[in-house]
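# Would you be able to build a 3D model of this:
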Amino acid sequence: MKVVITGGCGYFGSNLASLLLSRNYKVKVLTRNKKDKKIPENIIIEEISWKDEESLINSMQGYDAVVHMAGMNASDSMKFPSKSIKFKRESTRSILKICKKLSIPKIIFISSIHVYKNNLEGFISETSPRENKNPYAKSLSAGEDAILFNREENNPQKIILRCSNGYGPPVFNSKECWNLLLNQACLKATQNLTIDIMNPNSLRNFIPIKESCRAIEFFLRQNKVYSGVVNVGSEETFTVSQIMDFVKERASLIVSKNLEINILSKIPEKKKPTNLFFSTNLLKDLGFKFKYDHKTEIDNLLRYCEKRT
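All right, here's what the predicted structure looks like:
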């Protein structure tokens, strides 16, 4: 199978490209600037302009599916909110148009759990409202809307994956992503440093980055004609305090290091979230089987961090 990944040079995209390559996919990564971009060997990388439809058509010609990941990260979205939203909406529309023109049968749009709410709580399924007004979440919602309001039914097949908070080692050191909470905690643990946390009682759902990549690969190869939104997350929920304590415990056992935890602020008692259930029932009903557990993957991440320090 031949797959195009937009935005495939980053932390998430390079992990996905590496997995697909290991499973004998032919992979092409599209990027706006390929200078100094490092990706796994045997993967084609092409520099494209989103304003040049002809170059996009030429790059996607002959491929079987597109995984659309291109867009600003959370930090850049905060700095340039309008630009972030516009790019995600317009790039997604371009991908849809070209997929139809070239008869590419499948597009997978990578979204996030954060489109639902800023402070997650309660039961969250694919039909829960998207209420987060954060610029990054709004950019993802804009991309989703380009797909959800597209009137061409199943042409191409359109799948939106809302992934929860990822973590895990990168494919290359240059693809490290330390703004992710668990990645940052494990790095600081191996350096005997302190991590500052806000709102220790806020609830989070985490998933190993390679599990999210497995879910994407699952939808690439599955033949069921399913179009729509699917939550991709683990079956466990933690408070920030609980997951930090767990990292502290594992760091002591695995790398003999200590993570100091500094709580900067707390949610007022009356505003504390009481529960969070990020439903992955649809994902499981479609046939996906979870493979990785948090203990093993956090231990692996700690070992990676220990080697790089």
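
# L203 is in contact with E121, correct?
Yes: if you go by CB atoms under 8 Å, E121 and L203 touch, sitting 6.0 Å apart. Every residue, glycine included, has its C-beta placed from N, CA and C.

# More neighbours: which of those two?
L203 (21 against 16; other CB atoms under 10 Å).

# who's in contact with the nearest residue to that one once chain neighbours are set aside?
Spatially, and ignoring its direct neighbours in sequence, L203 is nearest to L276 (3.9 Å; CB to CB, 6 or more residues apart in numbering). If a contact means CB atoms under 8 Å, 6 or more residues apart in numbering, then L276 has 120-122, 124, 203-205, 237 as its contacts.

# Mind doing that once more with 7 Å?
120-122, 203, 205, 237 (CB atoms under 7 Å, 6 or more residues apart in numbering).

# Would you format the residues you listed as JSON lines with distance to Y136 included?
Shown next, in JSON lines, are the contacts of L276 (distance: CB to CB, whole Å):
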{"residue": "L120", "distance to Y136": "15"}
{"residue": "E121", "distance to Y136": "19"}
{"residue": "G122", "distance to Y136": "21"}
{"residue": "L203", "distance to Y136": "19"}
{"residue": "N205", "distance to Y136": "17"}
{"residue": "T237", "distance to Y136": "21"}
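
# Report the two of these separated the most.
Spanning the widest gap among those are G122 and N205, at 12.4 Å by CB to CB.

# and stretch 242-254, which residues are buried?
For stretch 242-254, a neighbour-count test (16 or more other CB atoms under 10 Å) marks 243-244, 246-248, 250-251, 254 as buried.

# Okay, now the unreliable bits of the stretch 51-200 of the chain?
151-154 (pLDDT under 70).

# the more surrounded of G122 and N205?
Set G122 next to N205 and count neighbours by other CB under 10 Å: N205 wins out with 21 against 14.

# The more buried one and V232, how far apart?
Here N205 is placed at a distance of 10 Å from V232 (CB to CB, to the nearest Å).

# next one: R250
24 Å.

# Please apply the same query to D64.
D64 is 21 Å from V232, by CB to CB.

# Comparing those two, which residue is more hemmed in?
The neighbour comparison of D64 against V232 (other CB under 10 Å) goes to V232, with 26 against 14.

# beta partners for the more buried one?
C163 (DSSP bridges).

# shouldn't it be in contact with C163?
Yes: when contacts are counted by CB atoms under 7 Å, V232 is listed as touching C163 (4.6 Å).

# Between those two, which contacts overlap?
With CB under 7 Å, 6+ apart, V232 and C163 have common neighbours 207, 212.

# Need the pLDDT of T274.
On pLDDT, T274 comes in at 68.

# Same question for the one 4 residues further on.
pLDDT recorded at F278 is 96.

# That one - how many residues pack around it?
26.

# Next up, the contacts around it.
F278 touches 113, 124, 164, 205, 231, 233, 237, counting by CB under 7 Å, 6+ apart.

# ok, now with 8 Å
F278 makes contact with 113, 120, 124, 164, 205, 231, 233, 237 under the criterion CB under 8 Å, 6+ apart.

# what do you get for T31?
With CB under 8 Å, 6+ apart, T31 has these contacts: 7-9, 37, 45-48, 70.

# Would you agree L120 falls within a strand?
No: counting by DSSP: H, G, I helix; E, B strand; the rest coil, L120 is not found in a strand; it is coil.

# quick one: the strands in the stretch 201-309 of the chain?
203-208, 228-232, 237-239, 260-265, 276-278 (DSSP state E, counting those that start in this stretch).

# and the first one, how far from the chain's centre?
Which is strand 203-208. Relative to its chain's centre, strand 203-208 lies at 12 Å (CA atoms, centre = their mean, to the nearest Å).
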